[in-house]
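Student: got a predicted structure here, sequence first:
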Amino acid sequence: MNKEQAAPETQGVTVELLSTVDLGPEIEGMAGRELRMRKVTIAPGGVFGPLHDHIDRPGTVYILQGTITDHRNGVTTEYGPGPGWPEDRNTLHWLENRGAIPAVEISVDIVWKK
């Protein structure tokens with residue numbers, strides 16, 4: 001088992017739902033889907049895991065504060081502050097904050113309504 005498969009469980013993460021838009025009335029063929037915006041804070045040493053995909057849940061991320069390390073395909077990439085990463089059907093990753101301050105991101109994605 002490689003490090004990607006052994007990604008740790010989520011710890012030190014808070015998620016605040018900021019807004020949603022029901023896409024059914026807005027775009028033909030999008031019934032049951034919504035556009036969602038969240039603020040995700042990862043404490044120093046925190047992990048957003050385990051390894052997860054974004055199949056049927058595309059999105060994008062913008063880093064407001066700190067640095068977030070993205071682990072995917074055996075490669076680690078640090079982001080922040082500023083534009084983050086795309087999350088498409090090929091995304092399989094987990095995240096961590098290796099820094100000394102909380103990392104804060106805005107995550108926008110399309111999800112199935114609950």
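Tutor: Everything's here; your move. Numbering: from 1, shown residues only.

Student: going forward, measure contacts between C-alpha atoms and count neighbours the same way
Tutor: Fine.

Student: phi and psi next, for the residue nearest to residue 80 when sequence neighbours are not counted.
Tutor: Nearest non-adjacent residue to residue 80, counting by CA to CA, 6 or more residues apart in numbering: residue 67, 4.7 Å away. Main-chain torsions, residue 67, degrees, to the nearest 10: phi -130, psi 130.

Student: run a quick neighbour tally on residue 67.
Tutor: 26 (other CA atoms under 10 Å).

Student: doesn't residue 100 make contact with it?
Tutor: No - between residue 67 and residue 100 there is no contact under CA atoms under 8 Å: 9.3 Å.

Student: for this structure, what spans make up the strands?
Tutor: Applying DSSP state E to the chain gives strands spanning 11-22, 33-53, 59-65, 68-72, 75-79, 82-87, 92-96, 103-112.

Student: residues in contact with residue 64?
Tutor: Residue 64 makes contact with 80, 81, 82, 103, 104, 105, 106 under the criterion CA atoms under 8 Å, 6 or more residues apart in numbering.

Student: specify which member of those residues is nearest to residue 60.
Tutor: Using CA to CA, the shortest approach to residue 60 within the contacts of residue 64 belongs to residue 106, at 8.5 Å.

Student: who's the residue nearest to that closest one when sequence neighbours are not counted bridged to?
Tutor: Spatial nearest neighbour of residue 106, chain neighbours left out: residue 39 (4.7 Å); criterion: CA to CA, 6+ apart. Here residue 39 sits in beta bridges with residue 16, residue 106, as judged by DSSP bridges.

Student: show the model's pLDDT score for residue 39.
Tutor: Looking at residue 39, its pLDDT is 98.

Student: try residue 100
Tutor: Reported pLDDT for residue 100: 98.

Student: ditto for residue 112
Tutor: pLDDT at residue 112 comes out at 95.

Student: in the sheet, who's paired with it?
Tutor: Beta-bridge partners, per DSSP bridges, of residue 112: residue 33.
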